[in-house]
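Colleague: sequence below, structure please.
(2 chains)
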Amino acid sequence: MKLSDFRKCRLELADGTVFPGYAFGAVAGAAGETVFSTAMVGYPETLTDPSFEGQLLCVTYPLIGNYGVPAGRVDADGLQATFESEAIHVRALIISDLSFDYSHWSAAKSLDGWLKEQGIPGIWGVDTRRLTQILRENGSMPGRLVQEDAEPLPFDDPNVTNLVAVASCKEVIRYNAGADRKVVLVDCGVKHNIIRCLLKTGVEVIRVPWDYDFNADPGMNGYDGLFISNGPGNPDYCDAAVEHIRQTMNIGKPVFGICMGNQLLAKAAGGRTYKLRYGHRGHNQPVRMVGSDHCFITSQNHGYAVDEKTLSADWEPLFINLNDGTNEGIRHRSRPFFSVQFHPEASSGPLDTMYLFNRFVSML
Amino acid sequence: MRKFNKVLLLGSGALKIGQAGEFDYSGSQALKALAEEGIATVLINPNIATVQTSEGVADSVYLLPVTPYFVEKVIEKERPDGIMLTFGGQTALNCGVELDRSGVLEKYGVSVLGTPVQAIVDTEDRDAFAHRMEEIGVSIIRSHAVDSIQKAREAAREIGYPVILRSAYALGGLGSGFCNDESELDVQAGKAFAYSPQVLVEKSLKGWKEVEYEVVRDCYDNCITVCNMENFDPLGIHTGESIVVAPCQTLNNHDINLLRDTAIRIVRHLGIIGECNVQYGYDPDSDDYRVIEVNARLSRSSALASKATGYPLAFIAAKLGLGYGLFELTNSVTKCTPAFFEPALDYVVCKIPRWDLRKFQGVSRKIGSSMKSVGEVMAIGRNFEESLQKGLRMIGQGAHGFVMNKTAVPEDLDAALSEPDDTRVFAIAHALAAGYSIERIHELTKIDEWFLHKLRNIVDTCNELLSFNDCSELPDWLLRQAKCQGFSDHQIARALYKDGFDADRMQDKVRVWRKNRGIVPCVKQIDTLAAEFPAKTNYLYLTYNGSYDDIEYENDGRSVIVLGSGAYRIGSSVEFDWCSVTALQTIRDAGWRGVMINYNPETVSTDYDICDRLYFEELTLERVLDICELERPHGTVVSVGGQIPNNLAVRLDEHNVPILGTKACDIDRAEDRHKFSSIVDALDIDQPEWMELTSRADLDAFIERVGYPVLIRPSYVLSGAAMHVCYDASELDRYLSMAVEVSQQHPVVVSEFMQRCKEIEFDAVADGGKILAYAISEHVEFAGVHSGDATIVFPAQKIYLATMKRLKSIAGKIADALHITGPFNIQFLAKDNFVKVIECNLRASRSFPFVSKVSKINMIELATQAMLGEHPKPVHKDDFDFDYVGVKASQFSFARLLRADPVLGVDMASTGEAGCMGDDFNDALLKAVESVGYPVPDGPVLISSGDAFQKADLLDACRQLAAHGYTIYATRGTQRHLEDNGVPAKRALWPGEESESPDFEYDSALELIQSRTVKMVINIPKNFSATELENGYKIRRAAVDFNVPLFTNARLATAFVKAFCNMSMDDISIKTSAEFKLNT
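Modeller: This next block holds a predicted model:
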């Protein structure tokens, strides 16, 4: 490799900071919200996680691309076997050191090649530690990737649009149809591993668009439980979903939510959410189950959090974050409604809280 | 949570291969954790050079062997309510398990803190472990024991090829081999059954990846994995012999979390409380894994993981042992987040082993499944190339990085790649340069292609550099690319200016040019959380892969930098770490900012809470200058870290770095043989005659004058040991033909070699040329045994008063002439009334911690105060005031070094030492000797006693052995000599010797050792000629291989025998260091 052979590009932040670097992936500009993740592995999963819709992702671990990217494969249920959705959702990838040569038995292409194929630009050679410190001190902020000699795109704050509507499926999809127990899954931008984890318990999963009125669909009558998925952006745009969740709670069917699902359940319970300064993104987030000595390492990816003080007396926190004390899950004191802010389905990340899926299914 | 009042911690004893300074770090952290809780601490560790045995770390320190006998004695006296077994390596663990099994712990009501003994036993016992893993469906490497070829075939079919066959009960892997199919198995099984009636068939994991996880669990069942690590060298090479990277580089999310989850399941199932290491073999072509082993204790890997992540594993493990939950403890780096989290790294760490195999005669340099390395380094970078190249320089064996080294291309490059020895990584550089494809190198080495691609990047950059001939031609992008890949200015200079360049000058030229182009490194913190939370951490490294510094410098001239000692190696070990740590403490106590530079993960000096700023960095001129330019220090201490910083003094001074204490020009006057010699002559001080010679004729003329034996050291070594004593002309011929070139360009230094002389160490501190304190200690052995291998006594017991006065006066003159401020050491020879100077070092010596702790004068504290300009008052203690004696004995690791001849000479071979105090010489000697693995024999002794002098030397000891009822076996000459002098002895046959008459049946010496009939072997080589060494070699090697204590020095053997014949075990004093008091 020769540095002189690489096309130059730069990352510009809304506060005027500029990071020079080298281009990889698609030769294109990008604009979005700049965020960082401290996960050290899992870039194929992370990049295809719909929760990253609208974001320029800075990975703090400097060596990226080492094990390449697996071939895309669709499993018997029609789900992506090796990714978390059908496409890359980040708008650009920001890293320090790129492995152009990769090595892993399961790899089919390089990260560079995959980004090119998917039309997503990347920048390497960035002091990602410095960028992280800026985002930590000043909060996640709009940024843009600009190719050398190209006109910059205007800055874009994706949080002023309904990203859930972008990431959600557009029509109802049924998995494992005909199983005894049925779970309606509100798709706010669901990761495929969540669906896989639910299917593993033997239930039928009815995946519906984020604003679908499943209680009014006679074909879904008699569903046994409601699952609210993860998803990108600001929960305040999802009032339609919140209303449908409230209806289910009134019927009294079990409800389980993950990430965006935690925020929407909280809103359905009358609570409020707020934007964290720079969010939680990584594989090492410690949470404690409230009222116990049980702690878990969790995978997380969110920019908004539930303000537990705004919850009614019927609700209580289920998990809290040991680093900063923010809410990591809520539950109803007497009825079968609970949700978590972290990702028990992992992919990528640690598997410590996978048991929560079984807990939910046992309530049905 | 139960409240403990007094806790006993077992240390690991003397440093040896496989168990080094990492346990000083673990133990020190544990003691700190206990002290924080207000718990009284008792430490047993005979390693006097450690930080943990220093005043103020533990409340009571027993410098005693870590054996069940002595530990019970201490328990009986101290009555602790808790004991910690997992901070002192395998030594402490084994001792603890034994104490539990024998009921001692129960008898005295001592609770084991942390991981219960049963869990330890489950990990140590092969069958128990297999059973426990099967219970939770975890795959391990299963051994099938078979007794026929047919059954071997069946077993192999069940396991699946490839398999490995091993002969059961055969030492050293005899008869073992790999089989890829049944036909190969048939051949191999034939060989294996020739050695043993039972053969073990195992799945071969050769070429699999080797991966480790460090897991922590609290008593609430909360688990975290603090670090995962991947070996660069695939399975088949011991992890202690491998380059290791953290975190794993070639595993994806599925791999990482599969192994993480399995590690946590294992640790939960075993019931570990504290820290645990899980080692895996991992298939490079699928997600198949095998657990190789589980270590339920702090380990070398856990020390590495601590340094690699900033997570204080030992400290946390100690707290968990007391009953804390992980969520109740604080992350000591951020101080605002809990210890229950998993560090996120934003850099990559490379650990590289350091071998010293050249020091040993006869040892194989191949590396494999047993550990031979004596130390390691850790390098930090923001890409693999940078990290690896830094690490290869840190090793300190002449490499400037991965490329641009002077190493010769191996004759058989394929063999050098496929049969690894200690230089394999450089063979890869040669192969890449020779155009080998990545695939080909992978085939030969099984090293993952990802690593090889990265290595090729370095070679490509090197080739680019080679196409230029001066800095001014070099494009900025290339200079930056080279620096980002960890090239040193020296490597770049060598690539630009090719052969015949003046390295120092050209390196400076590149540096100046580079700085003018604005290409400089930046400082980054290690903060455990990849910058997610603000951290006031002082744990730092430098990188070119970044553009901003993490910290702001005060520029207040209050920084004092201490240069550390680098990788543990033969000759430089934990003693210099103690010196560095002590200097830092003194600097901080005096109100300065203490700044440390070192890169050895097995040390206390690289613990970020012992200094104000820690640079985990290279000790090269380039990097030290980088740091000095950032810190703008008040001064730099170069005299407490051994030879590495000492060698930098002159060059640092040339770059205007302020050196504290003795001036660089005076250090040079002591280091330069010619300059020092003329000073000594001018002061009218005697020295052994020596000359630097450039031809064989001059050499012969010199020897003609001084006579044999002579000590010869070449300035240029082709192969073999650097220093040698030649006893006659034939030996000189052999030596010169084998190892050394004598020419105008490559002179040799020859000196007269004095036999049957005492060797004396003079350790001292001076201020402005005046001595502030000194300690005189003597060697038990005669001169000729390297001072690092000798047994040393302080205060000296057998030196004439007149000699003492003479030594002091000479040292005073030298201190004055060299204007010494700080520590120094002079080695003397003494015989009858003459005293000669053999060496002078203007730095702390290996014996500083020993004499400091025995004399209770902290000579490094004093030296540091002097260097800081505080002009401390002189401290003199009269040797008559000592009501006790200190003895320092050397620890050897020959058992690990297959085929090495365990004989001592002028080149150092020991890997560690123990230092003990006693009411008298015998008391101290018995403790020290047992501490290095030689217990008092409880059965027959085998003796072959060398030449006439040595036979005479040993006669008295043999007489005492016989008088105390010991059966003596002796080889022919010795047996006759003993019988002639009225000492009964049974004849033992030399290897290859036969009885003269069929009427007599003599025992074979080798069988006596192999059956462990004899409990001690004294084998004194007559001289160091080739034939003599050959004769005794088999006996010595057998003693080492069958773990029978071996003495090869008549003086030490005599002292030891007399000691145990004149005092019983019960008379050995059980006292803390503080209980040995000066009689004033």
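
Colleague: mind listing the helices for chain A?
Modeller: A:43-47, A:111-118, A:128-138, A:163-167, A:192-200, A:239-251, A:260-268, A:355-363 (DSSP state H).

Colleague: do you know which of those lies nearest chain B?
Modeller: Across the helices of chain A, the minimum distance to chain B, taken as C-beta to the nearest C-beta, is reached by helix A:128-138, at 4.2 Å. The way it works is simple: take the backbone N, C-alpha and C, and place the C-beta from them, glycine included.

Colleague: number of residues surrounding B:P940?
Modeller: 18 (other C-beta atoms under 10 Å in any protein chain shown).

Colleague: residues in contact with the closest residue to it other than its chain neighbours?
Modeller: Nearest non-adjacent residue to B:P940, counting by C-beta to C-beta, 6 or more residues apart in numbering or on different chains: B:T967, 4.0 Å away. Shown in contact with B:T967 (C-beta atoms under 8 Å, 6 or more residues apart in numbering or on different chains): B:G939, B:P940, B:V941, B:K986.

Colleague: is it possible to get a markdown table of the helices of chain A that adds distance to B:V749 and mean pLDDT?
Modeller: Below are these laid out as a markdown table (distance: least, C-beta to C-beta, whole Å; pLDDT from 0 to 100):
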| stretch | distance to B:V749 | mean pLDDT |
| --- | --- | --- |
| helix A:43-47 | 59 | 98 |
| helix A:111-118 | 58 | 98 |
| helix A:128-138 | 51 | 97 |
| helix A:163-167 | 77 | 96 |
| helix A:192-200 | 70 | 98 |
| helix A:239-251 | 86 | 96 |
| helix A:260-268 | 76 | 98 |
| helix A:355-363 | 72 | 97 |
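
Colleague: what's the most buried one of the ones you listed?
Modeller: Of all the helices of chain A, helix A:260-268 has the most neighbours on average by mean count of other C-beta atoms under 10 Å in any protein chain shown, namely a mean of 28.

Colleague: for it, packing partners?
Modeller: strand A:225-228, helix A:239-251, strand A:255-258, strand A:272-289, strand A:295-307, strand A:327-332, strand A:337-340 (3 or more C-beta pairs under 8 Å, 6 or more residues apart in numbering or on different chains; DSSP states H and E).

Colleague: highest mean neighbour count out of these?
Modeller: Scoring these by mean count of other C-beta under 10 Å, the most buried comes out as strand A:255-258, with a mean of 28.

Colleague: give me the contacts around that one.
Modeller: With C-beta under 8 Å, 6+ apart as the criterion, strand A:255-258 contacts A:194, A:225-230, A:245, A:248-249, A:264-265, A:336-340, A:342-345, A:356, A:360.

Colleague: want to throw the helices and strands packed on helix A:260-268 into a markdown table with distance to B:R696?
Modeller: What follows is the helices and strands packed on helix A:260-268, written out as a markdown table (distance: least, C-beta to C-beta, whole Å):
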| stretch | distance to B:R696 |
| --- | --- |
| strand A:225-228 | 89 |
| helix A:239-251 | 94 |
| strand A:255-258 | 83 |
| strand A:272-289 | 67 |
| strand A:295-307 | 70 |
| strand A:327-332 | 80 |
| strand A:337-340 | 82 |
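
Colleague: quick one: which of the ones you listed is nearest B:S306?
Modeller: Closest approach to B:S306 among the helices and strands packed on helix A:260-268 (C-beta to C-beta): strand A:272-289, 16.7 Å.

Colleague: ok, back up a step: among the contacts of B:T967, which one lies nearest to chain A?
Modeller: B:G939 (54.5 Å).

Colleague: ok, that closest one touching B:K1015?
Modeller: Yes. Counting by C-beta atoms under 8 Å, B:K1015 is a contact partner of B:G939 at 4.0 Å.

Colleague: any idea how far the helix or strand bottoming out on mean pLDDT in chain B is from the chain center?
Modeller: Counting by mean pLDDT, DSSP states H and E, the weakest-scoring helix or strand in chain B turns out to be helix B:729-739, with a mean of 78. Here helix B:729-739 is found 31 Å from its chain centre; the criterion is C-alpha atoms, centre = their mean, to the nearest Å.

Colleague: and if you look at stretch B:626-633?
Modeller: Counting by C-alpha atoms, centre = their mean, stretch B:626-633 comes out at 30 Å from the chain centroid.

Colleague: got the buried residues for that stretch?
Modeller: For stretch B:626-633, the neighbour count (16 or more other C-beta atoms under 10 Å in any protein chain shown) marks B:D626, B:I627, B:C628, B:L630, B:E631, B:P633 as buried.

Colleague: can you tell me what sits against that stretch?
Modeller: B:520-521, B:523, B:542, B:549, B:553, B:555, B:557, B:559-561, B:595, B:597, B:613, B:615, B:617, B:636, B:652, B:655, B:657-658.
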